[in-house]
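In: task: produce atomic coordinates for the following.
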Amino acid sequence: MLDAQSPRDRFADVESVARMLGIDGAGVRALLAEGHIRGVRIASDHAWRVDLVSVEDYLDDQAENERRVALWQQSQTASFPELWGRGNVRHPD
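Out: Numbers count the residues shown, from 1 in each chain. Next up, the predicted model:
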């Protein structure tokens, strides 16, 4: 069964998505072209309509990537006492 969500609630134009992401329309079109977000082209005006769920998924993926990078960077600065559990700890939890 199809979701009851209307297309107006499910899709947005490129300019709206650009404002949401804080980038320009060319950036949104690049994300579409690279497959990071999904969209459809409307035949009547050939304008993109972007799937908002894919934008949310993209933002979630970006946040997770940033979390992993932060953890990696933190692990690269850990001291031997932190790793071995003895001595002075530079970054106590």
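In: C-alpha only now, for contacts and for neighbours.
Out: Will do.
In: what residues sit buried inside stretch 46-53?
Out: The neighbour-count check on stretch 46-53 (16 or more other CA atoms under 10 Å) flags Trp48, Arg49, Val50, Asp51, Leu52 as buried.
In: thought the third one was touching Val14?
Out: Yes: with contacts defined as CA atoms under 8 Å, Val50 counts as touching Val14 at a distance of 6.6 Å.
In: give me the element Val40 is part of.
Out: With elements delineated by DSSP states H and E, Val40 resides in strand 39-41, which encompasses its position.
In: other SSEs contacting the helix or strand just after that strand?
Out: Scanning forward in sequence from strand 39-41 by DSSP H and E, the next helix or strand is strand 48-51. Other elements packing on strand 48-51 under the criterion 3 or more CA pairs under 8 Å, 6 or more residues apart in numbering; DSSP states H and E are strand 11-13, helix 14-21, strand 39-41.
In: all good on my end, thank you.
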